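Visitor: sequence below, structure please.
(4 chains)
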Protein chains: 2
Amino acid sequence: MNEGVEWAMHSCVNLSWAPGEAVTAKRLAAFYELPTAYLNKQLQALARAGILTSVSGPKGGFQLARDPRNISLLDIVVAIDGPDEAFRCTEILKAGPGADQKADYTKACLISHAMRTAELAYRRELAGQSIADIAERVVSQSPDAPENTRNHFANLKS
Amino acid sequence: MNEGVEWAMHSCVNLSWAPGEAVTAKRLAAFYELPTAYLNKQLQALARAGILTSVSGPKGGFQLARDPRNISLLDIVVAIDGPDEAFRCTEILKAGPGADQKADYTKACLISHAMRTAELAYRRELAGQSIADIAERVVSQSPDAPENTRNHFANLKS
DNA sequence: GAGCCATTACTCGGATAAAAGCTGTCCGAGTTGGTGCGG
DNA sequence: CCGCACCAACTCGGACAGCTTTTATCCGAGTAATGGCTC
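Guide: Residues are numbered from 1 along each chain as shown, chains lettered A, B, ... in the order given. Just a heads-up that it's a prediction; the model follows:
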């Protein structure tokens, strides 16, 4: 899995604590000492997916496009890592003896079915976790986290 | 995910229908018109993982190392694709402000925790499906499959 | 002094290289079965 | 005719290239604030 997924998730949590404010990729990257340009690329992907809104120029930056309760971890994974499943059935049964050339073995093949079922369980778990859920739990562990994050962003403005 | 996983799973199902017989990589590859040498590479990985036993020389080949009921789809994924999880936490929190350098953020980080939980659900599904389960279901769909497979192997002997 | 315009600085956005991992291939080590020779 | 040793063929096993995907970087397009100029 793409490493940018991790960065994107942490960045989204941080953005959830700066609502209404456009945060630049530079500041988001500085928070975890990440390469700015590459993080910017990931944030662009989130913007294309409709998770973030982007504004160019001075006073520009990124912010969450919708309520963090409506942004699931799955949304982020799909935006960064692509919509394809990890296991992709190549329908090798079509090359086997007694194969039905017009059959759709992505559905008929039992191995493909089992892998899809597992991946569905995975995606269901991820879809059930929102950025707001994570942020909420972080606050219960470290109540000062939101303010510390906002201060960190503010200090970098100088 | 590695494409060889699909090949390995189908090959294991086929091998479950030729118990006690050593089947060469060549014949297993011919079954689905796969590149022989590359499939051989995947079978080697299965042998290293203790899923298959390999014998060199004439009359040599591969066969299941244990009862197909004790070979899960997860075993095969781990053997081919490696034991690492798809999402690997790089502990970027350690570079953030107010980080505890001696903390293990692969456990403390809530994002890492959520991703691990999802992946655990994925692996649990895969661990619950054995090669015998798949083979059994294939038989209920196509009762002739085992014999057809054995015949196919036999015909290639010429 | 107020308003307008050009400039400037700063941001995102996509196009462009370097690196890593996956895919595919080839030749060597080892083993078994067959064959020829000797008893 | 029987036993033994050599030979040859076949298989797995690991080392070696080609290529796609990921990682990282750089420069250009666009935008808002700023400063200067004119009225």
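Visitor: count the neighbours of A:Ala49 for me.
Guide: A total of 15 residues lie near A:Ala49 under the criterion other C-beta atoms under 10 Å in any protein chain shown. In short, each C-beta sits where N, CA and C put it, glycine included.
Visitor: brain fart, A:Tyr38
Guide: Residues near A:Tyr38, counting by other C-beta under 10 Å: 14.
Visitor: show me what contacts the residue nearest to it when sequence neighbours are not counted?
Guide: Leaving aside its chain neighbours, A:Tyr38 sits nearest to A:Gly4 (7.4 Å; criterion: C-beta to C-beta, 6 or more residues apart in numbering or on different chains). By C-beta atoms under 8 Å, 6 or more residues apart in numbering or on different chains, A:Gly4 lies in contact with A:38-39, A:41-42, A:45, A:80.
Visitor: likewise A:Asp133?
Guide: Taking C-beta under 8 Å, 6+ apart, one finds A:Arg69 in contact with A:Asp133.
Visitor: same check, this time on the one 5 residues further on
Guide: By C-beta under 8 Å, 6+ apart, A:Val138 lies in contact with A:13, A:145, B:110.
Visitor: what does A:Arg150 give?
Guide: Per C-beta under 8 Å, 6+ apart, neighbours of A:Arg150: A:17-18.
Visitor: retrieve the pLDDT associated with it.
Guide: The per-residue pLDDT reported for A:Arg150 equals 93.
Visitor: the closest residue to A:Gln141 other than its chain neighbours: how many residues sit nearby?
Guide: Spatially, and ignoring its direct neighbours in sequence, A:Gln141 is nearest to B:Leu110 (7.7 Å; C-beta to C-beta, 6+ apart). B:Leu110 is flanked by 20 other residues according to other C-beta under 10 Å.
Visitor: same deal with A:Thr90?
Guide: 14.
Visitor: also A:Thr106?
Guide: Counted by other C-beta under 10 Å, the residues lying close to A:Thr106 total 14.
Visitor: ok, A:Asn155 next?
Guide: 11.
Visitor: what helix or strand does the most centrally placed residue in chain A sit in?
Guide: In chain A, the centroid-proximal residue (C-alpha atoms, centre = their mean) is A:Ile76; its distance is 1.7 Å. Assigned by DSSP states H and E, A:Ile76 falls within helix A:73-81.
Visitor: quick one: is that helix near chain B?
Guide: Yes. Counting by C-beta under 8 Å from any C-beta of the partner chain, contacts between helix A:73-81 and chain B involve A:Leu73.
Visitor: summarise which helices and strands the following helix or strand past that helix is packed against.
Guide: The helix or strand immediately downstream of helix A:73-81 is helix A:105-108, counting by DSSP H and E. Packing partners of helix A:105-108 (3 or more C-beta pairs under 8 Å, 6 or more residues apart in numbering or on different chains; DSSP states H and E): helix A:110-127.
Visitor: how about low-confidence regions in chain A?
Guide: Filtered on pLDDT under 70, chain A yields the residue ranges A:156-158.
Visitor: DNA strand D contacts on that one?
Guide: Contact residues, chain A versus DNA strand D (C-beta under 7 Å from any atom of the strand): A:2-4, A:35, A:37-38, A:40-41, A:55-60, A:81-82.
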